[in-house]
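Q: Make a model of this:
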Amino acid sequence: AAQETGENYLETLGEGYLPHEELFRLRGYRQICGWVRGFFGRLCDWLQEVKSRGMHKGVLEAKQYILKNYDKSLTLQELAQAVYMNPTYLSMLFKEQVGTTYIKFLTSVRLEHARELLERGMKVSAVSSQVGFHDARHFSEVFKKTFGITPDQYKHGH
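A: Below you'll find the model as predicted:
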């Protein structure tokens, strides 16, 4: 994926940056794992940023709109109106540039927020409505289908 951008991530870290030398100085498994996690986390953030620069303005605005309004009922028609685009064109362009449909993106945003709320100990029914699922049973089904465990199991496992 990094090569597909046409840019070089290591060049953004500064001239002469040699990650293998940095790794060589680390001691122990924990330090090495921490460095690798950090390095690849920053690489992923950089890839997202590079990828978003080439994204259509309407798609970027649609993603931002979803991130701000995931807790509301949000149809494709409403999303398209919010970003001043034709719904069919937005749907096609969103899938092409984001790699998933707007509804799958919206659902993943909702579920990530749900996990955070469950980790804080909130009740499943409260989490469900707070992240835009107005039917707790449907929320539980989608959560289990996505993560392989129920929201209650997730909540008690963290």
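Q: contacts, neighbours, all on C-alpha from now
A: OK.
Q: Contacts for whatever helix or strand Gln64 lives in, please.
A: Using DSSP states H and E, the element containing Gln64 is helix 57-69. Surrounding helix 57-69, the residues in contact under the criterion C-alpha atoms under 8 Å, 6 or more residues apart in numbering are 52, 79-80, 82-85, 90, 93-94, 97, 106, 109.
Q: 10 Å - rerun?
A: The contact list for helix 57-69, computed with C-alpha atoms under 10 Å, 6 or more residues apart in numbering, reads 52-56, 70, 72, 74, 76, 79-85, 90-91, 93-98, 102-103, 105-107, 109-110, 131-132.
Q: From the chain's centre, how far out is the longest helix seen in the chain? Work that out for me.
A: Among the segments of the chain that qualify as a helix by DSSP state H, the longest is helix 28-53. For helix 28-53, the gap between its own C-alpha mean and the chain's C-alpha mean amounts to 15 Å (C-alpha atoms, centre = their mean, to the nearest Å).
Q: mean confidence for the following helix or strand past the helix holding Gln64?
A: The first helix or strand that comes after helix 57-69 along the chain, using DSSP H and E, is helix 76-82. Averaged across helix 76-82, the pLDDT comes to 97.
Q: ok, residues contacting the helix or strand following helix 76-82?
A: Secondary structure here is assigned by DSSP H and E; on that basis, the next helix or strand after helix 76-82 toward the C-terminus is helix 87-98. Here helix 87-98 makes contact (C-alpha under 10 Å, 6+ apart) with 51-52, 54-56, 58-60, 62-63, 75-81, 83-85, 99-105.
Q: hmm, 7 Å instead?
A: For helix 87-98, the surrounding residues in contact (C-alpha atoms under 7 Å, 6 or more residues apart in numbering) are Met55, Val59, Leu76, Gln77, Ala80, Thr101, Tyr102.
Q: Buried only: go through the residues you listed for me.
A: Buried members of the contacts of helix 87-98, scored by 16 or more other C-alpha atoms under 10 Å, are Met55, Val59, Leu76, Ala80, Thr101, Tyr102.
Q: Thank you, goodbye.
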